[in-house]
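A.B. asks: Got a predicted structure here, sequence first:
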Amino acid sequence: MDPLRRSASSPLQGDHTSSPAEPVLRCVLDMRVQTLVDFYRHVQTERMVGIPLLNTALLVEAVGFEWTEGEEGAEPVAEGVLITPWFMSLLRLPAVNGPHGNRVGRKAVRDFGSERFDFIGAHDPAIGYHETCALFSPMNGFTSQDLARETALASLALVRPQPEPDAVAPVAAEPLPARRAFFMARRPDAGAAA
């Protein structure tokens with residue numbers, strides 16, 4: 001069975017129990033995200049050299065990439081934030097390096113966490129088709145990589161709200177049994193003036 005295809009026990013289907021496919025999916029995610037980072041580092045050093053748009057305080061970094069549930073029958077897509085010295089974007093990265101299918105430059109409204117955004121299709125043979133939604137460009141307002149990373153994490157927290165824990169009803173204190181109350185000096189007549 002293809003480990004990238006979803007099965008009923010796949011975490012991509014919302015079943016968060018452990019399955020044999022999880023380590024494979026994590027490995028594929030790590031490899032795809034590393035390829036993405038390597039590609040944009042290459043763009044920085046080969047295509048962007050000397051362009052004043054670059055913020056020299058920043059590096060290319062992928063933040064918070066996770067598999068997401070896609071449309072039924074669709075290949076898994078990893079979503080996260082890509083930081084570069086010239087932009088920060090929400091990014092959707094399919095599990096496989098696929099062709100662009102004439103979608104480069106086209107807008108599509110996509111779910112990302114609990115929100116919907118306009119994404120623009122992009123393609124490079126190194127990483128295949130992917131989609132981006134700009135958060136910041138240029139990046140001259142960021143003074144450090146830590147600040148850029150904190151902003152990326154805060155952006156993800158806004159669109160990926162954590163589920164609220166189920167409220168637990170307070171447990172009413174049970175009355176102490178008479179014998180126990182006696183030993184704890186809580187008799188009904190305890191505390192009365194002597």
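C.D. replies: In hand now; what should we look at? Keep in mind the model is a prediction, meaning the values are calculated, not measured.
A.B. asks: C-alpha only now, for contacts and for neighbours.
C.D. replies: Fine.
A.B. asks: host element of the residue nearest the centre of the chain?
C.D. replies: By C-alpha atoms, centre = their mean, the mean C-alpha position of the chain lies nearest to Gly64, the distance being 4.2 Å. Secondary-structure element containing Gly64, defined by DSSP states H and E: strand 61-68.
A.B. asks: which stretches of the protein form strands?
C.D. replies: Ranges of strands within the chain are 61-68, 77-83, 88-94, 107-112, 115-124, 128-136, based on DSSP state E.
A.B. asks: Tell me how many other residues surround Pro23.
C.D. replies: The burial metric for Pro23, expressed as a neighbour count using other C-alpha atoms under 10 Å, is 12.
A.B. asks: what's the spacing between Ala154 and Ser89?
C.D. replies: With distances taken as C-alpha to C-alpha, to the nearest Å, Ala154 is found 13 Å from Ser89.
A.B. asks: okay, those two: which has more neighbours?
C.D. replies: Counting neighbours by other C-alpha under 10 Å for Ala154 and for Ser89 shows that Ser89 has the greater number, 20 against 12.
A.B. asks: Surely that one and Glu131 touch.
C.D. replies: No: Ser89 is beyond contact range of Glu131, at 9.5 Å (criterion: C-alpha atoms under 8 Å).
A.B. asks: Just the buried residues of the longest helix along the chain, please?
C.D. replies: Ordering each helix of the chain by length in residues (DSSP state H) puts helix 21-46 first. The neighbour-count check on helix 21-46 (16 or more other C-alpha atoms under 10 Å) flags 21-22, 25, 28-29, 32-33, 36-41, 44 as buried.
A.B. asks: Pull the contacting residues for the residue nearest to Val28 when sequence neighbours are not counted.
C.D. replies: Nearest-residue entry for Val28: Ala95, 7.1 Å, with adjacent residues in sequence omitted and distances by C-alpha to C-alpha, 6 or more residues apart in numbering. When contacts are counted by C-alpha atoms under 8 Å, 6 or more residues apart in numbering, Ala95 touches Leu4, Val28, Leu29, Arg32, Glu75, Pro76, Val77, Ala78.
A.B. asks: Of the strands of the chain, which is nearest Pro163?
C.D. replies: Smallest distance to Pro163 across the strands of the chain (C-alpha to C-alpha): 14.9 Å, for strand 115-124.
A.B. asks: Tell me, please, the helix or strand in the protein that averages the lowest pLDDT.
C.D. replies: For the chain, scoring each helix and strand by mean pLDDT, DSSP states H and E identifies helix 178-183 as the least confident one, at a mean of 51.
A.B. asks: if we can go back for a sec, now do the strand holding Gly64 and strand 107-112, the angle between them.
C.D. replies: With axes from the mean of the first three to the mean of the last three C-alpha atoms, to 10 degrees applied, the angle from strand 61-68 to strand 107-112 works out at 80 degrees.
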